[in-house]
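[1] fold the following, please.
(one chain, ligands or ions: 1)
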Amino acid sequence: MKIAVVKEIEVGERRVALVPDAVARLVKQGLEVWVEAGAGEGAYFSDAAYEAAGAHILEESTHLWQAADIVLKVRPPREREDGQHEVDLLRESSVLVSFINPLGDPHLVQRLAERKVTTLSMEMIPRTSRAQSMDALSSQASIAGYKAVLIAAAALPKFFPMLTTAAGTIAPAKVFVLGAGVAGLQAIATARRLGALVEAFDIRPAVKEEVQSLGAKFVEVQLEEETVAAGGYAKEISEAAKLRTQEVIAEHVKLADVVITTAQVPGKRAPLLVSEDMVAAMKPGSVIVDLAAEQGGNCAGTEAGKDVQRHGITLIGPINLPASMPVHASQLYAKNILTLLQYLIQAGAINLDFSDDIVDSTCITHDGSIRHQRIQEALE
Ligand code: NAD
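    As a prediction, this is how the structure comes out:
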(Lines give C-alpha, C1' and ligand atoms only; values in the text may rest on other atoms or scores of the structure.)
Protein backbone atom coordinates (compact mmCIF):
# COMPACT_ATOMS: atom_id res chain seq x y z
CA MET A 1 0.00 0.00 0.00
CA LYS A 2 1.34 3.42 -1.03
CA ILE A 3 0.97 6.35 1.35
CA ALA A 4 1.67 9.79 -0.14
CA VAL A 5 2.60 13.00 1.66
CA VAL A 6 1.97 15.93 -0.68
CA LYS A 7 3.31 19.45 -0.45
CA GLU A 8 0.82 22.00 0.90
CA ILE A 9 -0.08 24.66 -1.66
CA GLU A 10 -2.09 27.12 0.42
CA VAL A 11 -0.28 30.45 0.80
CA GLY A 12 1.36 30.67 4.24
CA GLU A 13 0.87 26.98 5.07
CA ARG A 14 4.19 25.66 6.35
CA ARG A 15 3.05 22.47 8.03
CA VAL A 16 3.48 18.97 6.59
CA ALA A 17 1.28 15.94 7.26
CA LEU A 18 4.06 13.52 8.27
CA VAL A 19 7.45 14.25 9.83
CA PRO A 20 10.39 11.88 9.18
CA ASP A 21 9.99 10.14 12.54
CA ALA A 22 6.37 9.20 11.71
CA VAL A 23 7.48 8.01 8.25
CA ALA A 24 10.03 5.68 9.84
CA ARG A 25 7.32 4.10 11.98
CA LEU A 26 5.07 3.42 9.00
CA VAL A 27 7.95 2.03 6.94
CA LYS A 28 8.83 -0.26 9.84
CA GLN A 29 5.29 -1.64 9.63
CA GLY A 30 5.94 -2.59 6.01
CA LEU A 31 4.14 0.36 4.39
CA GLU A 32 5.50 2.30 1.42
CA VAL A 33 5.70 6.06 2.00
CA TRP A 34 6.13 8.52 -0.86
CA VAL A 35 6.89 12.18 -0.12
CA GLU A 36 6.64 15.01 -2.64
CA ALA A 37 10.01 16.78 -2.96
CA GLY A 38 10.11 19.83 -0.69
CA ALA A 39 6.95 18.83 1.25
CA GLY A 40 8.69 19.32 4.60
CA GLU A 41 10.72 22.39 3.63
CA GLY A 42 8.44 24.94 5.36
CA ALA A 43 8.81 22.99 8.62
CA TYR A 44 12.57 22.46 8.20
CA PHE A 45 12.34 18.73 7.40
CA SER A 46 14.59 18.07 4.39
CA ASP A 47 14.04 15.52 1.63
CA ALA A 48 17.23 13.85 2.86
CA ALA A 49 15.69 13.39 6.33
CA TYR A 50 12.60 11.73 4.79
CA GLU A 51 14.82 9.50 2.66
CA ALA A 52 16.85 8.50 5.71
CA ALA A 53 13.54 7.56 7.38
CA GLY A 54 12.78 5.22 4.49
CA ALA A 55 10.54 7.37 2.27
CA HIS A 56 10.76 7.64 -1.50
CA ILE A 57 10.97 11.23 -2.75
CA LEU A 58 9.05 12.13 -5.88
CA GLU A 59 9.46 15.39 -7.81
CA GLU A 60 6.30 15.10 -9.88
CA SER A 61 3.24 15.61 -7.71
CA THR A 62 0.49 14.67 -10.21
CA HIS A 63 1.88 11.16 -10.47
CA LEU A 64 2.13 10.95 -6.68
CA TRP A 65 -1.56 11.81 -6.20
CA GLN A 66 -2.65 9.29 -8.80
CA ALA A 67 -0.47 6.42 -7.62
CA ALA A 68 -1.32 6.72 -3.92
CA ASP A 69 -3.72 4.49 -2.00
CA ILE A 70 -3.74 7.01 0.85
CA VAL A 71 -2.98 10.73 0.46
CA LEU A 72 -2.07 12.70 3.60
CA LYS A 73 -2.52 16.47 3.80
CA VAL A 74 -2.92 19.29 6.28
CA ARG A 75 -5.20 21.79 4.51
CA PRO A 76 -8.33 20.89 2.54
CA PRO A 77 -7.74 20.15 -1.17
CA ARG A 78 -7.95 23.22 -3.39
CA GLU A 79 -7.28 24.43 -6.92
CA ARG A 80 -3.63 24.42 -7.95
CA GLU A 81 -1.79 27.11 -9.88
CA ASP A 82 -2.16 25.08 -13.09
CA GLY A 83 -5.96 25.25 -12.72
CA GLN A 84 -6.35 21.60 -11.70
CA HIS A 85 -8.24 20.89 -8.50
CA GLU A 86 -6.45 18.58 -6.06
CA VAL A 87 -9.65 16.53 -5.69
CA ASP A 88 -9.48 15.67 -9.40
CA LEU A 89 -5.97 14.32 -8.93
CA LEU A 90 -7.16 11.72 -6.42
CA ARG A 91 -7.68 8.22 -7.76
CA GLU A 92 -11.16 6.70 -7.41
CA SER A 93 -11.42 4.57 -4.24
CA SER A 94 -8.29 6.10 -2.76
CA VAL A 95 -8.31 7.48 0.80
CA LEU A 96 -7.69 11.12 1.71
CA VAL A 97 -6.75 12.04 5.30
CA SER A 98 -6.73 15.80 5.95
CA PHE A 99 -8.44 18.74 7.57
CA ILE A 100 -11.47 19.29 5.31
CA ASN A 101 -13.64 21.91 7.10
CA PRO A 102 -16.70 19.79 6.20
CA LEU A 103 -19.36 21.99 7.82
CA GLY A 104 -17.79 25.21 6.53
CA ASP A 105 -17.29 23.91 2.98
CA PRO A 106 -19.82 21.12 2.31
CA HIS A 107 -19.41 21.59 -1.47
CA LEU A 108 -15.84 20.29 -1.19
CA VAL A 109 -17.22 17.22 0.58
CA GLN A 110 -19.73 16.75 -2.25
CA ARG A 111 -16.89 16.96 -4.77
CA LEU A 112 -14.92 14.32 -2.87
CA ALA A 113 -17.96 12.05 -2.76
CA GLU A 114 -18.50 12.48 -6.50
CA ARG A 115 -14.85 11.56 -7.06
CA LYS A 116 -15.61 8.34 -5.08
CA VAL A 117 -12.84 9.08 -2.60
CA THR A 118 -12.96 7.83 1.00
CA THR A 119 -12.37 10.95 3.06
CA LEU A 120 -11.20 10.90 6.67
CA SER A 121 -11.69 14.39 8.07
CA MET A 122 -9.35 15.25 10.93
CA GLU A 123 -11.92 17.73 12.33
CA MET A 124 -14.34 14.85 12.85
CA ILE A 125 -12.14 12.71 15.13
CA PRO A 126 -14.40 12.25 18.19
CA ARG A 127 -13.30 14.23 21.29
CA THR A 128 -13.13 11.11 23.45
CA SER A 129 -10.37 9.66 25.63
CA ARG A 130 -9.99 6.73 23.22
CA ALA A 131 -9.29 9.06 20.29
CA GLN A 132 -7.26 11.62 22.25
CA SER A 133 -3.95 10.89 20.52
CA MET A 134 -5.62 11.35 17.09
CA ASP A 135 -7.24 14.66 18.06
CA ALA A 136 -5.70 17.14 15.64
CA LEU A 137 -8.15 19.93 16.54
CA SER A 138 -6.72 19.85 20.06
CA SER A 139 -3.06 19.57 19.07
CA GLN A 140 -3.35 22.55 16.74
CA ALA A 141 -5.63 24.63 19.01
CA SER A 142 -3.09 24.33 21.78
CA ILE A 143 -0.48 25.95 19.53
CA ALA A 144 -2.91 28.74 18.62
CA GLY A 145 -3.62 29.47 22.30
CA TYR A 146 0.08 29.64 23.16
CA LYS A 147 0.96 31.83 20.18
CA ALA A 148 -2.00 34.19 20.79
CA VAL A 149 -0.53 35.16 24.16
CA LEU A 150 2.94 35.74 22.71
CA ILE A 151 1.43 37.97 20.01
CA ALA A 152 -0.52 39.90 22.66
CA ALA A 153 2.57 40.28 24.86
CA ALA A 154 4.59 41.60 21.92
CA ALA A 155 1.88 44.13 21.00
CA LEU A 156 1.18 45.31 24.58
CA PRO A 157 3.06 48.50 25.52
CA LYS A 158 3.52 47.06 29.03
CA PHE A 159 5.18 44.21 30.91
CA PHE A 160 3.20 41.03 31.61
CA PRO A 161 4.82 40.14 34.99
CA MET A 162 4.88 42.12 38.18
CA LEU A 163 8.33 43.65 38.65
CA THR A 164 9.87 45.24 41.68
CA THR A 165 12.73 47.40 40.50
CA ALA A 166 14.87 50.24 41.88
CA ALA A 167 12.87 52.49 39.58
CA GLY A 168 9.55 51.45 41.04
CA THR A 169 7.05 48.62 41.02
CA ILE A 170 5.30 47.43 37.88
CA ALA A 171 1.83 45.94 38.31
CA PRO A 172 1.17 42.67 36.44
CA ALA A 173 -0.87 42.77 33.23
CA LYS A 174 -4.50 41.68 33.47
CA VAL A 175 -5.46 39.09 30.86
CA PHE A 176 -9.06 38.04 30.23
CA VAL A 177 -9.59 34.85 28.22
CA LEU A 178 -13.00 34.27 26.65
CA GLY A 179 -13.67 30.62 25.87
CA ALA A 180 -11.76 28.05 27.93
CA GLY A 181 -11.58 25.14 25.47
CA VAL A 182 -8.24 23.72 24.35
CA ALA A 183 -6.88 27.02 22.92
CA GLY A 184 -8.23 29.06 25.84
CA LEU A 185 -6.70 26.79 28.48
CA GLN A 186 -3.31 26.93 26.75
CA ALA A 187 -3.64 30.73 26.54
CA ILE A 188 -4.36 30.86 30.28
CA ALA A 189 -1.36 28.66 31.08
CA THR A 190 0.95 30.72 28.85
CA ALA A 191 -0.23 34.07 30.22
CA ARG A 192 0.26 32.74 33.77
CA ARG A 193 3.80 31.59 32.90
CA LEU A 194 4.52 35.13 31.74
CA GLY A 195 3.32 36.40 35.09
CA ALA A 196 -0.04 37.96 34.18
CA LEU A 197 -3.14 37.97 36.39
CA VAL A 198 -5.62 35.89 34.42
CA GLU A 199 -9.42 35.65 34.40
CA ALA A 200 -11.44 33.41 32.11
CA PHE A 201 -15.03 32.94 31.08
CA ASP A 202 -16.83 30.10 29.30
CA ILE A 203 -20.49 29.20 29.01
CA ARG A 204 -19.64 25.58 29.88
CA PRO A 205 -19.54 25.56 33.70
CA ALA A 206 -17.55 22.30 33.66
CA VAL A 207 -14.35 24.17 32.77
CA LYS A 208 -14.34 26.14 36.03
CA GLU A 209 -12.06 23.66 37.81
CA GLU A 210 -9.61 23.45 34.90
CA VAL A 211 -9.36 27.25 34.78
CA GLN A 212 -8.77 27.44 38.52
CA SER A 213 -6.18 24.65 38.43
CA LEU A 214 -4.12 26.82 36.06
CA GLY A 215 -4.10 29.64 38.59
CA ALA A 216 -6.72 31.81 36.89
CA LYS A 217 -10.02 33.16 38.21
CA PHE A 218 -13.19 31.79 36.64
CA VAL A 219 -15.78 34.45 35.85
CA GLU A 220 -19.16 32.93 36.56
CA VAL A 221 -22.49 33.72 34.99
CA GLN A 222 -25.55 31.81 36.16
CA LEU A 223 -27.55 30.78 33.10
CA GLU A 224 -30.88 29.01 33.34
CA GLU A 225 -30.40 26.92 30.21
CA GLU A 226 -28.32 24.01 28.95
CA THR A 227 -25.11 25.33 27.35
CA VAL A 228 -23.51 22.03 26.40
CA ALA A 229 -24.42 20.01 23.29
CA ALA A 230 -23.56 16.44 22.30
CA GLY A 231 -19.83 15.67 22.38
CA GLY A 232 -19.22 18.28 25.09
CA TYR A 233 -19.22 21.21 22.66
CA ALA A 234 -20.86 24.55 23.48
CA LYS A 235 -24.41 25.20 22.24
CA GLU A 236 -25.62 28.43 20.72
CA ILE A 237 -27.31 30.23 23.64
CA SER A 238 -30.61 32.20 23.73
CA GLU A 239 -30.78 35.99 23.23
CA ALA A 240 -31.57 36.46 26.95
CA ALA A 241 -28.52 34.43 27.96
CA LYS A 242 -26.38 36.39 25.51
CA LEU A 243 -27.46 39.68 27.10
CA ARG A 244 -26.77 38.34 30.58
CA THR A 245 -23.27 37.12 29.66
CA GLN A 246 -22.48 40.36 27.81
CA GLU A 247 -23.17 42.41 30.95
CA VAL A 248 -20.66 40.36 32.91
CA ILE A 249 -18.11 40.22 30.08
CA ALA A 250 -18.26 44.02 29.72
CA GLU A 251 -17.19 44.56 33.35
CA HIS A 252 -14.13 42.33 32.94
CA VAL A 253 -13.12 43.49 29.44
CA LYS A 254 -13.02 47.06 30.72
CA LEU A 255 -10.38 46.21 33.33
CA ALA A 256 -8.22 44.00 31.10
CA ASP A 257 -4.94 44.96 29.43
CA VAL A 258 -5.25 41.95 27.13
CA VAL A 259 -8.34 40.09 25.95
CA ILE A 260 -7.89 36.75 24.17
CA THR A 261 -11.06 35.38 22.58
CA THR A 262 -11.35 31.73 21.49
CA ALA A 263 -15.11 31.02 21.63
CA GLN A 264 -16.56 28.83 18.93
CA VAL A 265 -19.70 26.82 18.28
CA PRO A 266 -19.09 24.01 15.74
CA GLY A 267 -20.68 24.66 12.35
CA LYS A 268 -21.88 28.17 13.28
CA ARG A 269 -20.52 31.67 13.07
CA ALA A 270 -18.41 32.41 16.17
CA PRO A 271 -20.47 34.15 18.89
CA LEU A 272 -20.00 37.91 19.10
CA LEU A 273 -18.88 38.46 22.70
CA VAL A 274 -17.03 41.79 22.72
CA SER A 275 -19.05 44.70 21.32
CA GLU A 276 -17.73 47.95 19.86
CA ASP A 277 -18.77 49.72 23.09
CA MET A 278 -16.75 47.27 25.17
CA VAL A 279 -13.68 47.90 22.99
CA ALA A 280 -14.16 51.66 23.35
CA ALA A 281 -14.33 51.31 27.16
CA MET A 282 -10.90 49.60 27.40
CA LYS A 283 -7.75 51.46 28.41
CA PRO A 284 -5.88 52.89 25.41
CA GLY A 285 -2.94 50.67 24.47
CA SER A 286 -4.80 47.48 25.44
CA VAL A 287 -4.70 44.52 23.06
CA ILE A 288 -7.32 42.06 21.85
CA VAL A 289 -6.32 38.86 20.04
CA ASP A 290 -9.37 37.27 18.41
CA LEU A 291 -8.64 33.61 17.67
CA ALA A 292 -12.12 33.20 16.15
CA ALA A 293 -11.28 35.75 13.42
CA GLU A 294 -11.61 33.16 10.62
CA GLN A 295 -15.05 32.10 11.89
CA GLY A 296 -16.40 35.66 11.86
CA GLY A 297 -14.72 36.86 15.07
CA ASN A 298 -15.74 37.11 18.76
CA CYS A 299 -15.06 40.81 18.76
CA ALA A 300 -16.78 43.61 16.80
CA GLY A 301 -14.43 45.03 14.19
CA THR A 302 -12.08 42.02 13.95
CA GLU A 303 -10.58 41.65 10.49
CA ALA A 304 -9.20 38.19 9.76
CA GLY A 305 -5.49 38.31 8.99
CA LYS A 306 -5.11 41.96 10.04
CA ASP A 307 -4.11 44.12 13.00
CA VAL A 308 -6.45 47.11 13.29
CA GLN A 309 -6.60 50.06 15.68
CA ARG A 310 -9.99 50.89 17.23
CA HIS A 311 -10.46 53.49 19.95
CA GLY A 312 -6.74 53.24 20.78
CA ILE A 313 -6.95 49.45 21.13
CA THR A 314 -4.94 47.03 18.97
CA LEU A 315 -7.31 44.41 17.62
CA ILE A 316 -5.50 41.42 16.12
CA GLY A 317 -7.29 38.76 14.04
CA PRO A 318 -4.63 36.12 13.34
CA ILE A 319 -5.25 33.35 10.84
CA ASN A 320 -3.73 29.88 10.84
CA LEU A 321 -1.49 30.36 13.87
CA PRO A 322 -0.42 26.68 13.95
CA ALA A 323 1.37 27.28 10.61
CA SER A 324 3.51 29.90 12.34
CA MET A 325 5.03 27.15 14.53
CA PRO A 326 5.41 24.54 11.78
CA VAL A 327 7.98 22.29 13.49
CA HIS A 328 5.91 21.34 16.51
CA ALA A 329 2.57 21.77 14.71
CA SER A 330 3.71 19.20 12.10
CA GLN A 331 5.20 16.91 14.74
CA LEU A 332 1.93 16.82 16.69
CA TYR A 333 -0.28 16.58 13.59
CA ALA A 334 1.90 13.75 12.25
CA LYS A 335 1.47 11.89 15.54
CA ASN A 336 -2.33 12.35 15.28
CA ILE A 337 -2.32 10.97 11.71
CA LEU A 338 0.09 8.16 12.55
CA THR A 339 -2.11 6.96 15.41
CA LEU A 340 -5.19 7.06 13.18
CA LEU A 341 -3.44 5.11 10.41
CA GLN A 342 -2.06 2.53 12.84
CA TYR A 343 -5.57 2.11 14.20
CA LEU A 344 -7.11 1.61 10.75
CA ILE A 345 -4.46 -0.38 8.89
CA GLN A 346 -4.60 -4.10 9.47
CA ALA A 347 -2.62 -6.67 7.48
CA GLY A 348 -1.47 -4.00 5.02
CA ALA A 349 -5.00 -2.78 4.17
CA ILE A 350 -7.22 -0.05 5.54
CA ASN A 351 -10.11 -1.48 7.49
CA LEU A 352 -13.21 0.69 7.82
CA ASP A 353 -15.53 -0.72 10.45
CA PHE A 354 -18.42 1.74 10.50
CA SER A 355 -19.71 0.35 13.79
CA ASP A 356 -16.61 1.88 15.42
CA ASP A 357 -17.33 5.43 16.60
CA ILE A 358 -13.93 6.75 15.47
CA VAL A 359 -14.41 5.45 11.92
CA ASP A 360 -18.09 6.39 11.82
CA SER A 361 -17.42 9.98 12.86
CA THR A 362 -14.19 10.60 10.92
CA CYS A 363 -15.16 9.05 7.57
CA ILE A 364 -17.25 11.69 5.80
CA THR A 365 -17.34 10.28 2.25
CA HIS A 366 -17.29 6.67 1.09
CA ASP A 367 -18.53 4.76 -1.97
CA GLY A 368 -19.70 7.91 -3.71
CA SER A 369 -21.81 9.31 -0.88
CA ILE A 370 -21.65 11.80 1.96
CA ARG A 371 -21.96 9.85 5.21
CA HIS A 372 -23.08 12.58 7.60
CA GLN A 373 -26.51 14.10 7.74
CA ARG A 374 -25.19 17.39 9.18
CA ILE A 375 -22.98 17.87 6.12
CA GLN A 376 -25.88 16.97 3.80
CA GLU A 377 -28.02 19.57 5.60
CA ALA A 378 -25.24 22.20 5.28
CA LEU A 379 -25.43 21.69 1.49
CA GLU A 380 -29.13 22.54 1.34
P1 NAD B 1 -14.16 25.12 20.61
O2 NAD B 1 -12.94 25.53 19.85
O3 NAD B 1 -15.31 24.55 19.87
O4 NAD B 1 -14.67 26.40 21.47
C5 NAD B 1 -13.79 27.08 22.35
C6 NAD B 1 -14.50 27.36 23.65
O7 NAD B 1 -15.45 28.40 23.46
C8 NAD B 1 -15.29 26.19 24.24
O9 NAD B 1 -14.78 25.92 25.54
C10 NAD B 1 -16.72 26.70 24.29
O11 NAD B 1 -17.44 26.24 25.40
C12 NAD B 1 -16.52 28.20 24.34
N13 NAD B 1 -17.70 28.99 23.96
C14 NAD B 1 -18.59 28.78 22.97
N15 NAD B 1 -19.54 29.74 22.96
C16 NAD B 1 -19.22 30.60 23.96
C17 NAD B 1 -19.82 31.80 24.46
N18 NAD B 1 -20.92 32.29 23.92
N19 NAD B 1 -19.25 32.40 25.51
C20 NAD B 1 -18.12 31.89 26.08
N21 NAD B 1 -17.51 30.77 25.66
C22 NAD B 1 -18.06 30.13 24.61
O23 NAD B 1 -13.79 24.13 21.80
P24 NAD B 1 -12.68 23.01 21.87
O25 NAD B 1 -11.48 23.56 22.50
O26 NAD B 1 -12.54 22.38 20.52
O27 NAD B 1 -13.36 22.00 22.88
C28 NAD B 1 -14.69 21.54 22.63
C29 NAD B 1 -15.10 20.42 23.56
O30 NAD B 1 -14.34 19.27 23.34
C31 NAD B 1 -14.90 20.73 25.02
O32 NAD B 1 -15.96 20.14 25.74
C33 NAD B 1 -13.63 20.06 25.38
O34 NAD B 1 -13.50 19.78 26.76
C35 NAD B 1 -13.83 18.81 24.58
N36 NAD B 1 -12.58 18.12 24.34
C37 NAD B 1 -12.47 16.83 24.78
C38 NAD B 1 -11.30 16.13 24.57
C39 NAD B 1 -11.17 14.72 25.01
O40 NAD B 1 -11.92 14.29 25.84
N41 NAD B 1 -10.25 13.99 24.47
C42 NAD B 1 -10.24 16.74 23.90
C43 NAD B 1 -10.39 18.06 23.47
C44 NAD B 1 -11.57 18.74 23.69
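[2] what is the burial count for the nearest residue to Leu273 once chain neighbours are set aside?
    Spatially, and ignoring its direct neighbours in sequence, Leu273 is nearest to Asn298 (4.6 Å; Cβ to Cβ, 6 or more residues apart in numbering). The way it works is simple: take the backbone N, C-alpha and C, and place the C-beta from them, glycine included. Asn298: 26 surrounding residues under other Cβ atoms under 10 Å.
[3] can you pull the contacts of Asn101?
    Pro76, Leu108, Glu123 (Cβ atoms under 8 Å, 6 or more residues apart in numbering).
[4] my guess is Pro266 contacts Gly232, does it?
    No: the pair Pro266 / Gly232 is not scored as a contact, 10.7 Å apart, by Cβ atoms under 8 Å.
[5] the more surrounded of those two?
    Pro266 (15 against 11).
[6] wasn't that one part of a helix?
    No: counting by DSSP: H, G, I helix; E, B strand; the rest coil, Pro266 is not found in a helix; it is coil.
[7] how much space separates the closest residue to it other than its chain neighbours from Ala263?
    In space, and not counting its chain neighbours, Pro266 is closest to Tyr233: 5.3 Å by Cβ to Cβ, 6+ apart. From Tyr233 across to Ala263, the span is 11 Å (Cβ to Cβ, to the nearest Å).
[8] where exactly do the strands run in the stretch 1-150 of the chain?
    2-5, 32-36, 56-58, 70-72, 95-98, 118-121 (DSSP state E, counting those that start in this stretch).
[9] want to throw those strands into a markdown table with mean neighbour count?
    Output for these, formatted as a markdown table (neighbours: other Cβ atoms under 10 Å):
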| stretch | mean neighbour count |
| --- | --- |
| strand 2-5 | 24 |
| strand 32-36 | 23 |
| strand 56-58 | 16 |
| strand 70-72 | 26 |
| strand 95-98 | 24 |
| strand 118-121 | 26 |
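[10] same list, those strands, but as TSV with distance to Glu294 and mean pLDDT please.
    Below are the strands of the stretch 1-150 of the chain laid out as TSV (distance: least, Cβ to Cβ, whole Å; pLDDT from 0 to 100):
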stretch	distance to Glu294	mean pLDDT
strand 2-5	25	98
strand 32-36	26	98
strand 56-58	32	97
strand 70-72	23	98
strand 95-98	17	98
strand 118-121	17	98
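[11] okay if I get these as a markdown table plus distance to the ligand?
    Listed next are the strands of the stretch 1-150 of the chain as a markdown table, based on distance: least, Cβ to the nearest ligand atom, whole Å:
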| stretch | distance to the ligand |
| --- | --- |
| strand 2-5 | 25 |
| strand 32-36 | 28 |
| strand 56-58 | 35 |
| strand 70-72 | 22 |
| strand 95-98 | 18 |
| strand 118-121 | 15 |
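[12] save those strands as a markdown table, and put in distance to Thr314 too.
    Shown next, in a markdown table, are those (distance: least, Cβ to Cβ, whole Å):
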| stretch | distance to Thr314 |
| --- | --- |
| strand 2-5 | 38 |
| strand 32-36 | 39 |
| strand 56-58 | 44 |
| strand 70-72 | 38 |
| strand 95-98 | 34 |
| strand 118-121 | 35 |
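[13] among those strands, which is nearest Val279?
    strand 118-121 (35.3 Å; Cβ to Cβ).
[14] and the gap between the nearest residue to Glu86 once chain neighbours are set aside and Asn101?
    If the residues on either side of it in the chain are set aside, Glu86 comes closest to Pro77, at 3.6 Å by Cβ to Cβ, 6+ apart. Separation of Pro77 from Asn101 (Cβ to Cβ): 11 Å.
[15] common neighbours of these two, please.
    Contacts common to Pro77 and Asn101, judged by Cβ under 8 Å, 6+ apart, are Leu108.
[16] how many other residues sit next to the closest residue to the ligand within the chain?
    In the chain, the residue that lies nearest the ligand is Gly181 (2.3 Å; Cβ to the nearest ligand atom). Residue neighbour count, defined by other Cβ under 10 Å, stands at 22 for Gly181.
[17] tell me how far it lies from Tyr233.
    The spacing between Gly181 and Tyr233, counted by Cβ to Cβ, is 9 Å.
[18] list the contacts of the host helix or strand of Glu199.
    Element membership of Glu199 [criterion: DSSP states H and E] is strand 197-201. Outside strand 197-201, the residues within contact range by Cβ under 8 Å, 6+ apart are 172-180, 184, 188, 191-192, 207, 211, 214-219, 221, 245, 248-249, 252, 256.
[19] ok, now which ones touch Ala49?
    Pro20, Gly40.
[20] near the ligand, which residues of the stretch 151-300 of the chain show up?
    Taking Cβ under 6 Å from any ligand atom, the part of the stretch 151-300 of the chain that reaches the ligand is made up of 178-184, 201-204, 232-234, 237, 262-266, 271, 273.
[21] what's the nearest residue to Met122 once chain neighbours are set aside in contact with, if anything?
    Distances taken as Cβ to Cβ, 6+ apart put Ala136 closest to Met122, at 4.2 Å, once the chain neighbours are dropped. Going by Cβ under 8 Å, 6+ apart, Ala136 touches Phe99, Met122, Glu123, Ile125, Leu332, Tyr333, Asn336, Ile337.
[22] now do Ala53
    Counting by Cβ under 8 Å, 6+ apart, Ala53 has contacts Pro20, Asp21, Val23, Ala24, Val27.
[23] and the pLDDT at it?
    Reported pLDDT at Ala53 in the predicted model: 98.
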